[in-house]
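Undergrad: what follows is a predicted protein model with its sequence.
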Amino acid sequence: MITLAAAPFPYRFDPASTALLVIDMQRDFVEPGGFGESLGNDVSRLAAIVPTVTKLLDWCRTRGMLVVHTREAHRPDLADCPPAKRMRGAPSLRIGDPGPMGRILVDGEPGAGFVPGLTPAPGELELVKPGKGAFHATGLDALLRARAISHLLFAGVTTEVCVQTTMREANDRGYECLLVEDATESYFPAFRQATLEMIRAQGAIVGWTAPFDAFP
Ligand code: C5J
């Protein structure tokens, strides 16, 4: 059993029943020319967390923990992309449009792949999801329960969209969740900070947060 100095109070977990979820560390969100930039965002700040996510992955791999890597991506025929998602707003490129890294957020295209250095190792799970939450329209809950997972560590992007949505979904399903503060990032620093605070408020109403330095 490991006890981390976390907020709002210590977080205890057994690596054997804990999984690391690495959310959407994809070129489409982190690199210029992808989905994130098409929405008008400055994507440069997201790449800064890659070294910390790598250290967290190494920590979990050393302890033989289950690791799940998600990617937000759609079928090439976009049958799993609701029109409301594709048509909302006025992005420079919509989901499915051809861009510099292939079709935006389409599975199999270069942009929908993992950023260099953060690809799954043999035995780790890769989950393609059509929504912001990783439990929506995927078999994630069954995958975790089949492996007797009760605790989840979170990393990835973006903090207030896919990370927070997935953490809330997990919390409602009874998982004990911790977000690693410096292994997550947003295009909006204030949104990242607000998400960290709302997760751990009210006695860990969604879960815990801790920096990677808290890991022994
Ligand atoms: C977004 C994500 N921001 N992975 N996706 O659209 O957070």
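TA: Alright, I've got the coordinates.

Undergrad: by contact count, what packs against the top strand by length along the chain?
TA: The residue-count maximum for a strand in the chain (DSSP state E) belongs to strand 176-185. Counting contacts by 3 or more C-beta pairs under 8 Å, 6 or more residues apart in numbering; DSSP states H and E, strand 176-185 packs against strand 11-13, helix 50-62, strand 151-157, helix 164-172, helix 189-204, strand 208-210. C-beta: built from backbone N, CA, C; applies to glycine.

Undergrad: Glu37: which of the ones you listed is closest?
TA: strand 151-157 (13.2 Å; C-beta to C-beta).

Undergrad: so what are the sheet partners of that closest one and their directions?
TA: Partners of strand 151-157 in the sheet, by DSSP bridges, are strand 18-23 (parallel), strand 176-185 (parallel).

Undergrad: closest to Ser150 out of these?
TA: strand 176-185 (6.4 Å).

Undergrad: tilt between that closest one and helix 189-204?
TA: Between strand 176-185 and helix 189-204, the angle comes out at 170 degrees (axes from the mean of the first three to the mean of the last three C-alpha atoms, to 10 degrees).

Undergrad: show residues contacting stretch 198-211.
TA: With contacts defined as C-beta atoms under 8 Å, 6 or more residues apart in numbering, stretch 198-211 is touched by 4-9, 11, 164, 167-168, 171, 176-182, 196.

Undergrad: next: stretch 46-63.
TA: Stretch 46-63 is contacted by residues 15, 20, 22, 25, 29-31, 36, 67, 115, 117-118, 121, 153, 155-158, 180, 182-185, 187, 212, 215 when judged by C-beta under 8 Å, 6+ apart.

Undergrad: run the contact check for that stretch versus the ligand.
TA: No: Stretch 46-63 stays clear of the ligand (C-beta under 6 Å from any ligand atom), getting no nearer than 9.9 Å.

Undergrad: run the chain-centre distance for that stretch.
TA: Remark: stretch 46-63 is offset 13 Å from the chain centroid, using C-alpha atoms, centre = their mean, to the nearest Å.

Undergrad: in it, what counts as buried?
TA: Residues Leu46, Ile49, Val50, Thr52, Val53, Lys55, Leu56, Leu57, Trp59, Cys60 are the ones in stretch 46-63 that count as buried (16 or more other C-beta atoms under 10 Å).

Undergrad: now that stretch: average pLDDT?
TA: Averaged across stretch 46-63, the pLDDT comes to 98.

Undergrad: the ligand contacts on the protein?
TA: Contact residues (C-beta under 6 Å from any ligand atom) of the chain with the ligand: Asp24, Phe29, Glu72, Lys132, Val157, Thr158, Val161, Cys162.

Undergrad: please repeat the previous calculation with a cut-off of 8 Å.
TA: Residues of the chain lying close to the ligand (C-beta under 8 Å from any ligand atom) are 23-24, 26, 29, 35-36, 39, 72, 132, 156-158, 160-163, 165, 187.

Undergrad: residues contacting the spatially most central residue of the chain?
TA: Centroid check for the chain by C-alpha atoms, centre = their mean gives Ile23 as the closest residue, at 1.7 Å. By C-beta under 8 Å, 6+ apart, the residues touching Ile23 are Thr70, Ala134, Phe154, Ala155, Gly156, Val157, Cys162, Val163, Thr166, Thr184.
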